[in-house]
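**Q** From the sequence below, what's the structure:
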Amino acid sequence: MKIDWREVERLEDFFSFFTSEYLAKQPCRVKPPALLHWIRKGEKVLIVDIRTPEETSLVGFTYENTLRIPMNRLFERENIEKLASYGDYKIVVACRAGVRSLVATAFLRRVGFENAYSLEGGIIAFTQEVRC
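**A** Numbers count the residues shown, from 1 in each chain. Predicted coordinates for the structure are as follows:
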């Protein structure tokens, strides 16, 4: 096995940012009931669906303020600028089960999107909440 030590150092630097103190002050997850509450209250919410096109073709959001940007394209300059234009919105990142969205949200917060949240449990949990 060949380890890319430069990449390890970059990742170490990135993950060192998320101390327990930071996470305690900066919650970055939102549960489906809270997201529904925000939407029903009329708060400014943008859902960023980071699933692959194949995934979104099966089950998707019909919420009007939804951007579909696959995770592998999220950090392209054009997409970051698009997200930045929603500065006064709560940006909720969603994937199928909530794992990819948590990673993407951590990176978004690292570059300055303090208004970014990961949808806890992803689309799976959200659809169960909506059905209730």
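
**Q** For L36, list the residues it contacts.
**A** Counting by CB atoms under 8 Å, 6 or more residues apart in numbering, L36 touches 129-130. For every residue, glycine as well, the C-beta is placed using N, CA and C.

**Q** mind running it again at 10 Å?
**A** 45, 126, 129-130, 132 (CB atoms under 10 Å, 6 or more residues apart in numbering).

**Q** Got a ChimeraX select line for the buried ones in the residues you listed?
**A** To isolate the buried ones among the contacts of L36 in ChimeraX, judged by 16 or more other CB atoms under 10 Å, type:
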select :45,126
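
**Q** could the contacts of L36 be laid out in CSV, adding secondary structure, pLDDT and distance to A94?
**A** Compiled in CSV, these are given as follows (DSSP: H, G, I helix; E, B strand; the rest coil; pLDDT from 0 to 100; distance: CB to CB, whole Å):
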residue, secondary structure, pLDDT, distance to A94
V45, strand, 97, 11
F126, helix, 89, 7
E129, helix, 79, 12
V130, helix, 75, 13
C132, coil, 56, 18
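
**Q** Pipe the contacts of L36 into CSV and attach distance to I39 per row.
**A** Shown next, in CSV, are these (distance: CB to CB, whole Å):
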residue, distance to I39
V45, 6
F126, 11
E129, 11
V130, 10
C132, 15
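
**Q** just the contacts of L36 now: which is nearest V59?
**A** Ranked by distance to V59 (CB to CB), those are led by F126 at 9.9 Å.

**Q** Please tell me how far that closest one sits from T52.
**A** As judged by CB to CB, to the nearest Å, F126 and T52 stand 17 Å apart.

**Q** repeat for F107
**A** Noted for F107: a distance of 18 Å to T52, by CB to CB.

**Q** Can you show me the strands along this structure?
**A** Secondary structure of the chain (DSSP state E): strands at 29-30, 45-49, 66-68, 90-94, 116-119.

**Q** Now render these as a markdown table, adding distance to T19.
**A** Rendered in a markdown table, the data for those read as follows (distance: least, CB to CB, whole Å):
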| stretch | distance to T19 |
| --- | --- |
| strand 29-30 | 17 |
| strand 45-49 | 25 |
| strand 66-68 | 30 |
| strand 90-94 | 21 |
| strand 116-119 | 18 |
